[in-house]
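Trainee: Just need the structure, nothing else, for what follows:
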Amino acid sequence: MFFQLRQGLSKFLSLTGGINYFWQKLPNGVYAFNYHRIGDKEKNPFDRAIFSCTQNAFEQQVIELKKHFKIINTVELSKLIAHGEIVNDRFAVITFDDGYLDNFTEALPVLKKHKIPAVFYLTTELLESRQITWWDEIAYLLRKAHGMKYQLPNGTLEYTLEKDNIDKIIQRIMSEIKQTKNLSVLTALQDIRSKFPEARTKLLAENHELFMGWEHAEELLKQGMEIGSHTLTHPILTQLEDEQHRKEIVESKAILEKRLNCTINSIAYPVGRYYCYDHNTFEYTAEAGYKIGFNNEPGYHRSIGNALDINRFCVSTNDLNYLKYECCFT
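Mentor: Predicted coordinates:
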């Protein structure tokens with residue numbers, strides 16, 4: 001209901017021209033924009049909610065951001081924070097989480113065309129891997145099991161996997177998995193695998209290449225892009241024991257720096273909502289030597305008290321005016 005209300009207000013302001021008025025009046029500060037996948041989600045059997053927008057929509061957003069912001073990377077952001085200069089202008093950081101191959105094939109050409117820098121947050125175990133992530137596999141298995149019912153272990157809700165409403169149902173189940181403290185994502189995945197073995201067999205018989213390899217990461221650097229860490233395996237950090245929590249943060253940086261021969265300046269916390277990271281995350285991030293840490297909570301910064309806890313607007317729309325609305329009214 002809240003989302004529909006925001007969409008309605010966005011459309012009203014777009015029709016009346018009000019959105020551009022507020023857009024022009026955005027205050028100075030740091031605005032970080034987080035993308036995941038770029039492409040047509042309707043043709044994809046995996047997690048469609050992970051798609052940010054189409055390539056054409058991404059280009060329009062890049063053009064608009066370039067007009068109204070000074071687009072920087074995290075090295076420049078670190079310097080601005082250190083010198084207290086983030087209120088001197090409107091700065092934007094464009095980021096990509098996870099390392100999907102379409103970031104390279106669809107997003108990079110747009111960034112190069114418009115001479116825009118971006119930061120790509122890579123999960124080390126997914127590089128050069130045919131692995132399917134836990135969220136993509138869960139979405140695939142549930143999508144192929146339409147007409148059946150499912151309930152998480154120790155869950156209170158039973159879901160009917162209706163074909164016409166499957167994307168919304170998948171996201172409800174995914175949200176429950178992410179927010180449940182006594183159930184890890186891997187336990188949930190194993191349970192879903194056991195409940196829908198035919199869908200699992202079908203997935204294993206198919207050949208999918210979803211993520212970039214090391215050669216793509218090297219090319220991103222050559223093209224002037226920045227690489228950041230998105231941990232070793234993309235877990236929800238608050239679901240881990242302390243040592244594994246630390247390992248995900250510290251070792252991913254070391255692996256990226258050794259393999260790519262570059263300095264990894266920043267990290268983006270997997271999923272990145274407030275319940276997915278904590279004070280331990282900040283401790284291990286500082287220990288590893290990261291200068292910048294991004295969450296995935298919406299908002300901008302007129303000042304930054306904790307450089308390891310910077311907000312990002314998570315882009316999930318083709319609608320440029322709605323993206324403007326989020327920046328103006330979040």
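Trainee: And the next helix or strand past the helix or strand harbouring residue 19?
Mentor: In this assignment (DSSP states H and E), residue 19 forms part of helix 18-24. As assigned by DSSP H and E, the chain's next helix or strand after helix 18-24 is strand 29-35.
Trainee: average model confidence for the helix or strand just after that following strand?
Mentor: Per DSSP H and E, strand 29-35 leads on to strand 37-38 as the next helix or strand towards the C-terminus. What strand 37-38 shows for mean pLDDT is 98.
Trainee: Quick check: which helices or strands does the helix or strand following strand 37-38 pack against?
Mentor: Next helix or strand after strand 37-38 toward the C-terminus (DSSP H and E): strand 51-53. Secondary-structure packing of strand 51-53 (3 or more C-beta pairs under 8 Å, 6 or more residues apart in numbering; DSSP states H and E): strand 37-38. Every C-beta, even on glycine, is put in place using the N, C-alpha and C of the backbone.
Trainee: The strand it packs on packs against which elements?
Mentor: Contact partners of strand 37-38 among helices and strands, from 3+ C-beta pairs under 8 Å, 6+ apart: strand 51-53.
Trainee: Summarise which helices and strands the helix or strand following the strand it packs on is packed against.
Mentor: Heading C-terminal from strand 51-53, the first helix or strand you meet, by DSSP H and E, is helix 55-68. Under the contact definition 3+ C-beta pairs under 8 Å, 6+ apart, helix 55-68 sits against strand 29-35, strand 90-98, helix 108-113, helix 320-329.
Trainee: Other residues contacting whatever helix or strand comes next after helix 55-68?
Mentor: Downstream of helix 55-68, the first helix or strand assigned by DSSP H and E is strand 70-71. Strand 70-71 is contacted from outside by 65, 89-94, 116-117, using C-beta atoms under 8 Å, 6 or more residues apart in numbering.
Trainee: One more pass at 6 Å, please.
Mentor: Strand 70-71 is contacted from outside by 89, 91-92, 116, using C-beta atoms under 6 Å, 6 or more residues apart in numbering.
Trainee: Compare those residues and tell me which has the most neighbours.
Mentor: Using other C-beta atoms under 10 Å as the neighbour test, these are led by residue 91, with 22 neighbours.
Trainee: Can you check the pLDDT for that one?
Mentor: 98.
Trainee: weakest of the helices and strands packed on helix 55-68 in terms of mean pLDDT?
Mentor: When I compare the helices and strands packed on helix 55-68, helix 320-329 is least confident, with a mean of 94.
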